[in-house]
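In: Pasted the sequence and its predicted model underneath.
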Amino acid sequence: MARGTKLAQATNYARDLVNTPSRDMGPAELAEEATKLAGKGISVTIMDRSEMEKLGMHAALSVGAGSQHEPVGVHLSYAPRGAKRTVAVVGKAVTFDSGGLNVKTGDGMTTMKIDMAGAASVLGLFKALATFRPNVAVHGIFLAVENMPGGSAYRPGDVVKAMDGTTIEVLNTDAEGRITLADALAYAKTLEPNAIVDLATLTGACVTALGDDIAGLMSNDRKLADRVLRAAKEAGEPLWELPLYEPYMDHVKSKIADIKNIGVRGSAGTISAALFLKPFVGSVPWAHLDIAGPSYAERETRPDQPYGGTGYGVRTLVRLLEGIR
């Protein structure tokens, strides 16, 4: 009962973050939530615009260029004494997604306060780590931005450079999540973890494929994928593996840059988005969770999951880390 209570508190914390309107949960407020978690073995580093520029995070910075709210980078660390393994957990943190200059429809924009649900799950995980204290070092990373139209907004046709030097052709400013994750994953790789897991409300195609309740998993490592699937099953969070089908890499190849931010219209959007991310982790074992469907419940189907943010992923991540030795 005590364990269930603590997991529920961490999950509900993530839910509250997702449910908070974007005017009250911008990049600065999301970073402030991270600072509140410092202590009990957890440290927090906040990166402002100038520090992100020094690191070369021009991809993420371009996404936030049209907003009056400054982008913020967050790096949480949990390092128990004697830990032999290190896992980096990365969350998408777009605090509101208007679509940018490729502006969404009114209906498509209504729930876009949820586009930071991946980061909310990272924060929920760190709230739980203070209690469960698994014997594995954990880095929690997110780059918080707001994707808005404006005179300084990035444009379709722009080419932006990620932290690792990869050039990205922007063909649609509403495919912004993968652009921010490019820098976040590249940053995570520099920490030399044994594995990277990311959570992102990334594609509507995943909702089309798996519905509202099931997240999609794609991975470059069989052992890690099996561990994540097992953890999700034990945590009671529906997850289904999709193939990271290499021939579809052609969908995101650019003629003028290293890579482009959208694939072939109407074809394997979830897989091509994951393949876009894959080069940024290099050879590090990596699992990508597309949580676009289950991160937010627009109808009440279960008594334990009310309308709104679900905190999807918090319990799965705790189970995954507990199983790493």
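Out: Noted; the coordinates are in hand. On a predicted model such as this, the values are computed, not experimentally measured, just so you know.

In: what sits opposite Tyr296 in the beta ladder?
Out: Gly309 (DSSP bridges).

In: All the helices of this structure, residue numbers only.
Out: Using DSSP state H, the helices of the chain run over residues 2-19, 27-36, 49-55, 58-63, 106-109, 117-132, 177-190, 204-210, 222-235, 269-277, 314-322.

In: right, and those - which one's nearest Tyr154?
Out: helix 58-63 (4.3 Å; Cβ to Cβ). Every C-beta, even on glycine, is put in place using the N, C-alpha and C of the backbone.

In: which helices and strands sit right next to the closest one?
Out: helix 49-55, strand 137-147, strand 159-161, helix 177-190 (3 or more Cβ pairs under 8 Å, 6 or more residues apart in numbering; DSSP states H and E).

In: circling back to that earlier point, which of the helices of the chain sits closest to Pro80?
Out: helix 117-132 (9.1 Å).

In: buried ones in that closest one?
Out: Using 16 or more other Cβ atoms under 10 Å as the test for burial, helix 117-132 gives 117-129.

In: now these in CSV, with distance to Gly140?
Out: As requested, these are exported to CSV (distance: Cβ to Cβ, whole Å):
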residue, distance to Gly140
Ala117, 14
Gly118, 11
Ala119, 9
Ala120, 11
Ser121, 10
Val122, 4
Leu123, 7
Gly124, 10
Leu125, 7
Phe126, 5
Lys127, 11
Ala128, 11
Leu129, 9
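
In: What is the nearest of the residues you listed to Trp286?
Out: Gly118 (14.5 Å).

In: Leaving out sequence neighbours, find the closest residue to that closest one.
Out: Excluding its sequence neighbours, the residue lying closest to Gly118 (Cβ to Cβ, 6 or more residues apart in numbering) is Gly91, at 3.5 Å.

In: residues contacting the one you found?
Out: 116-123, 140-142, 198-200 (Cβ atoms under 8 Å, 6 or more residues apart in numbering).

In: Quick check: the gap between it and Arg155.
Out: Between Gly91 and Arg155 the computed distance is 26 Å (Cβ to Cβ, to the nearest Å).

In: ok, back up a step: tell me which of the helices of the chain lies nearest to Arg81.
Out: helix 117-132 (14.3 Å).

In: that older thread, may I see the helices of the chain arranged in CSV, with distance to Ala257 and mean pLDDT as well?
Out: Listed next are the helices of the chain as CSV, based on distance: least, Cβ to Cβ, whole Å; pLDDT from 0 to 100:
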stretch, distance to Ala257, mean pLDDT
helix 2-19, 33, 96
helix 27-36, 26, 98
helix 49-55, 20, 98
helix 58-63, 11, 98
helix 106-109, 27, 94
helix 117-132, 25, 96
helix 177-190, 12, 98
helix 204-210, 23, 96
helix 222-235, 29, 98
helix 269-277, 12, 97
helix 314-322, 33, 97
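
In: Could you say which one of those comes nearest to Arg85?
Out: helix 314-322 (9.2 Å).

In: Determine how far the closest one lies from the middle of the whole chain.
Out: 16 Å (Cα atoms, centre = their mean, to the nearest Å).

In: Go through it and flag the buried ones.
Out: Applying 16+ other Cβ under 10 Å to helix 314-322 flags Val314, Arg315, Thr316, Leu317, Val318, Arg319, Leu320, Leu321 as buried.

In: if I pick the fifth one, what's in contact with it?
Out: Right, Val318. Val318 touches Leu7, Ala10, Leu125, Ala128, Leu129, Phe132, Pro134, Ala235, counting by Cβ under 8 Å, 6+ apart.

In: Among those residues, which pair sits farthest apart?
Out: Leu129 and Ala235 (15.2 Å).

In: hmm, which two among the buried residues of helix 117-132 are most spread apart?
Out: So, the buried residues of helix 117-132 by Cβ to Cβ: farthest apart are Ala117 and Leu129, at 18.7 Å.

In: which residues touch the nearest residue to Arg155 once chain neighbours are set aside?
Out: Distances taken as Cβ to Cβ, 6+ apart put Leu101 closest to Arg155, at 5.9 Å, once the chain neighbours are dropped. Contact partners of Leu101, counting by Cβ under 8 Å, 6+ apart, are Gly66, Pro149, Ala153, Tyr154, Arg155, Pro156, Thr173.
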